[in-house]
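Peer 1: Sequence first, predicted coordinates after that:
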Amino acid sequence: MTQPPTPEPLPAWLTQHQDYEPQPDSDGFITKSILSVSSVLSRMRLDDGVDTSFSPSAPVKLVFGLVGILLVSLSRNYLFVLLMLAGVVVRAALLPQRALDRVAATASAAALLAFVVMLPAALLGQPRSALTIAGKALISTGIAMEVALTTPSADLTGALRAFRVPNLFIMTLDLALRSIVRLGEVALEVLTALRLRSVGRNRRKGSAMGGVGGVVLLKAAEASQQTHDAMRCRGFEGTYDDGRGWAPRHTDVAWLCLLAGLVAAFFYLQGLV
Amino acid sequence: MHIPENYLSPSTCAVTTIAMVPIWATAVKRVRETVPREKMPLLGVAAACCFLSMMFNIPLPGGTTGHAVCGTLIAILFGPWAAVIAVSIALAIQAVLFGDGGILALGANCLNMAFVLPMVGFAVYSALKKRLPGDKGELIAAGVGSYVGLNAAALCAALEFGIQPLLFTDAAGNALYCPYPLSVSVPAMMLGHLTVAGLAEVGFTVGILAFLRSTVPSFGLTEGAADNDKAVPVLALLCCLIAATPLGLLATGDAWGEWSLEDLSQMVGYEPSGMATGWEWSSFMPDYAVGSLPEWVGYVLSAIIGVGLLIIIFRLLAGLAKPRPTFD
């Protein structure tokens, strides 16, 4: 039987009682950066667009959104603006809670900004024009947000192919969207490391913050090179498959009919002005 | 029953608004305690029913029109304090977007329709329900409660109209604001509400309550989670009400106390100076109408926008409410 090894006594310096009180230092900016990066990341991860069974295919949705924004901007008839407002409000009422929060926050902020910009007109006796511009901003932003939040991002970039957008542009957009989350995670890790290592007073904290940006940039360059190499290894020649952007659905017909109806209503109501 | 802008003096508007502040504060506190977060969107749907019921104008004896409010219905489903919030928000949307009821008079309108109506209606309902057991007993209690509640609210509005010429006159003795004294306003308002409008309120309240109890028993504060699959009948009910809103245009004429300044001047023979110089809000769609287009188009659009906004507002409020996890 072998005897268990006798434990070595603790080193003397470890047994000494210490009263270490780190000097207070302001590091609110690191916490703030961590929180803002985290909130952007959580939004990008969780709200990656959700289709419903009534949704059209991504290219049709994109066309619908763009034409809707264009018509609202061009419209001089108040009824058409209200018609679009009704559509945006009904769609928003049926969105999931998180998406509804974002649409409401963004659209109302845009409308408020437009109203503030138009405030001189309201004070000079034209309150209706200020309300109209604010209403148009609300509707346009609402449409854009609703399209973005109800379509997976990969489908949106794929839909661009259907509009003959150059391959290089789509590839850059696609890779950028994918790498934002990864690089955000890197930034979060570096910021957390900086926060953990900054015990007590650290005079070089400010310059270290600049280092965070540098590390992320280096990681970005490394990641893009690796992604490019990986894509080449899998046979990517720099062109996207033409069929990728267009996968028609049954609901497309109904949405295109609705779009035609909207365009007809626009021209009919414009004629009444 | 929507008191328009400038029919009440600014001081009356201020007093009623100040009176409403603690009521709104208590209502918010009580709703936080009693209405679970996941039931808040349903409160928005109930508020939408209230908004739509106020769009159905019904001809009343004497050539005026009236409408139901459904405040008692919301009080029965979600409690009287939730009804205060729901009807107040519906009234605010009507005033700001559609010019139905004044912005300055919002406090007075909320006092009548969002506080007195659901509180009185719910008190009568609760008292009767104890004596009338069963489903039919509940419907009878709801009918009587809604009838009494609406008439109590109409009486309050008539009193607010009627005290104006007693308190505010110019040197010549002409009224500055609403020119009709209590001896005119109370009988005129009560005649229509005790007969036709009261019955309309009973019809809306009992009809919608019976429909909800039979199709979606979990709608309201009753036990059971808010079930998304059960939302279809409620949405169908809302769509039917929206499609039927143009029926409210069949009743011609204005509601009592909601005439334009020109019409009022012709009726009383002079223009009340306080009303002529008063402030007026330019709403998005005054009287639910859009330019020269058919009235029903504006009416249906207003109904869709109003209902959508109410549902969005209550869903956003639900998002703001803190979750209350249970560890059972």
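Peer 2: Good, I have the coordinates. Numbering: from 1, shown residues only, chains lettered A, B, ... in the order given.

Peer 1: which other helices and strands contact the helix or strand hosting residue B:307?
Peer 2: Element membership for residue B:307 (DSSP states H and E) is helix B:295-320. In terms of contacts (3 or more Cβ pairs under 8 Å, 6 or more residues apart in numbering or on different chains; DSSP states H and E), helix B:295-320 is packed against helix A:78-93, helix A:97-117, helix B:40-53, helix B:80-98, helix B:231-244. C-beta here means a position set from N, CA and C on the backbone, and glycine is covered the same way.

Peer 1: Using JSON lines, lay out the ones you listed together with mean pLDDT, mean neighbour count and distance to residue A:62.
Peer 2: Below are these laid out as JSON lines (pLDDT from 0 to 100; neighbours: other Cβ atoms under 10 Å in any protein chain shown; distance: least, Cβ to Cβ, whole Å):
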{"stretch": "helix A:78-93", "mean pLDDT": "91", "mean neighbour count": "21", "distance to residue A:62": "15"}
{"stretch": "helix A:97-117", "mean pLDDT": "91", "mean neighbour count": "17", "distance to residue A:62": "17"}
{"stretch": "helix B:40-53", "mean pLDDT": "89", "mean neighbour count": "25", "distance to residue A:62": "30"}
{"stretch": "helix B:80-98", "mean pLDDT": "92", "mean neighbour count": "24", "distance to residue A:62": "31"}
{"stretch": "helix B:231-244", "mean pLDDT": "86", "mean neighbour count": "15", "distance to residue A:62": "28"}
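
Peer 1: Quick one: closest of these to residue A:221.
Peer 2: The closest of those to residue A:221 is helix A:97-117. By Cβ to Cβ, the value is 31.6 Å.

Peer 1: can you state the direction angle for that closest one and helix B:40-53?
Peer 2: Angle, helix A:97-117 to helix B:40-53, by axes from the mean of the first three to the mean of the last three Cα atoms, to 10 degrees: 60 degrees.

Peer 1: Need the residues that contact helix A:97-117.
Peer 2: A:43, A:46-47, A:50, A:88, A:92-93, A:95, A:122, A:130-131, A:133-138, A:140-142, A:145-146, A:149-150, B:312, B:315-316, B:318-319 (Cβ atoms under 8 Å, 6 or more residues apart in numbering or on different chains).

Peer 1: What is the burial count for the closest residue to chain A within chain B?
Peer 2: Residue nearest to chain A within chain B (Cβ to the nearest Cβ): residue B:308, separated by 3.4 Å. Residues near residue B:308, counting by other Cβ atoms under 10 Å in any protein chain shown, number 23.

Peer 1: Not counting residues beside it along the chain, what's closest to it?
Peer 2: residue A:89 (3.4 Å; Cβ to Cβ, 6 or more residues apart in numbering or on different chains).

Peer 1: Residue B:179 too?
Peer 2: Spatial nearest neighbour of residue B:179, excluding adjacent residues (Cβ to Cβ, 6+ apart): residue B:268 at 4.8 Å.

Peer 1: With residue A:258 instead?
Peer 2: residue A:64 (7.8 Å).

Peer 1: likewise residue B:90?
Peer 2: In space, and not counting its chain neighbours, residue B:90 is closest to residue B:51: 4.4 Å by Cβ to Cβ, 6+ apart.

Peer 1: Please name the residues that touch that neighbour.
Peer 2: Applying Cβ under 8 Å, 6+ apart, the residues near residue B:51 are B:90, B:93, B:94, B:303, B:306, B:307, B:310.

Peer 1: ditto for residue B:10
Peer 2: Here residue B:10 is in contact with residue B:104 (Cβ under 8 Å, 6+ apart).

Peer 1: how close does it sit to residue B:278?
Peer 2: 8 Å (Cβ to Cβ, to the nearest Å).

Peer 1: same thing with residue B:176?
Peer 2: 9 Å.

Peer 1: Please apply the same query to residue A:15.
Peer 2: In terms of Cβ to Cβ, residue A:15 sits 85 Å off from residue B:278.

Peer 1: repeat for residue B:295
Peer 2: 26 Å.

Peer 1: residue contacts, the residue nearest to residue B:308?
Peer 2: Contacts of residue A:89 (Cβ under 8 Å, 6+ apart): B:304, B:305, B:308, B:309, B:312.
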